[in-house]
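>>> Curious how this folds, go ahead:
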Amino acid sequence: MARPFRERAAKAAIGALALVPAARLGWLFYRDALGANPIAEALNQLGLWTLILLLASLACTPIKVLTGWNYPLRLRRLLGLEAFFYACLHFSMYIAVDQGFDFGEIWKDIVKRKFMTVGFAAFVLLIPLAVTSTNKMVKRLGFPRWKRLHRLVYVAAVLAIVHFTWRVKSDLRQPLAYGLVLLVLMLVRVFDWLRPRRAARGGARSAPSSSP
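Next up, the predicted model:
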């Protein structure tokens, strides 16, 4: 009984901590303490935390591969939903505060500005992943199909980093650093996928051939 309680408490604590940046940002925005361009700063911070939490969710499996710890896997869904929450805040801030619900201008932005196009695509890809994140949806889709669908999270992460890179334009150090983190996470996954196949091929080569 103690272990499930500790796990639930840890999840609750991590979930609460993930909301702190949003609460702080809302308070600073309310106090008009976000600098000369508070809307742009709020958008930037919400987008950054979306990416951080998305990468954190993607890091859970590589951590398990490298350390053998299973607990990070139980945080993956929570972190992914927190990332989607920040993505919703980011997009809602853009629609409501930055553009004032001018959907004509919003559509022009998405179509004409390439960083907006890829950012919107990343957000759209996250929607079915959030909707199908429950155990009930895993059962309904079947685990193999559900797993294939949720591989789209890597596509969304790549698009998010491209969106970030094209948004900042000049100082690329931060988006490139996050891109490197994503590359490492993907390489660990690829290595883990290839390892049993290499072992199987090695075993097949070392097996003695049967006599005719």
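>>> switch to C-alpha atoms for all contacts and neighbour counts from now on
Will do.
>>> Point me to the helix or strand that includes the residue nearest the centre of the chain.
Centroid-nearest residue in the chain, with Cα atoms, centre = their mean: residue 54, separated by 2.1 Å. With elements taken from DSSP states H and E, the one containing residue 54 is helix 38-67.
>>> One more: residue 157?
Counting by DSSP H and E, residue 157 is part of helix 152-168.
>>> quick one, the biggest helix by length in the chain and helix 38-67 angle?
Criterion DSSP state H: the longest helix present in the chain is helix 173-206. Helix 173-206 and helix 38-67 are oriented at 20 degrees to each other (axes from the mean of the first three to the mean of the last three Cα atoms, to 10 degrees).
>>> name the helices or strands packed onto helix 173-206?
helix 38-67, helix 152-168 (3 or more Cα pairs under 8 Å, 6 or more residues apart in numbering; DSSP states H and E).
>>> now the residue nearest to the centre of the chain: how far from residue 102?
29 Å (Cα to Cα, to the nearest Å).
>>> got the angle between the lowest-mean-pLDDT helix or strand in the chain and helix 152-168?
In the chain, no helix or strand scores lower on mean pLDDT, DSSP states H and E than helix 173-206, which sits at a mean of 82. Helix 173-206 runs at 150 degrees relative to helix 152-168, counting by the same axes, to 10 degrees.
>>> so where's this protein shaky on pLDDT?
Counting by pLDDT under 70, the chain shows low-confidence ranges at 1-3, 197-212.
>>> make it 80
Along the chain, segments meeting pLDDT under 80 span 1-7, 169-170, 195-212.
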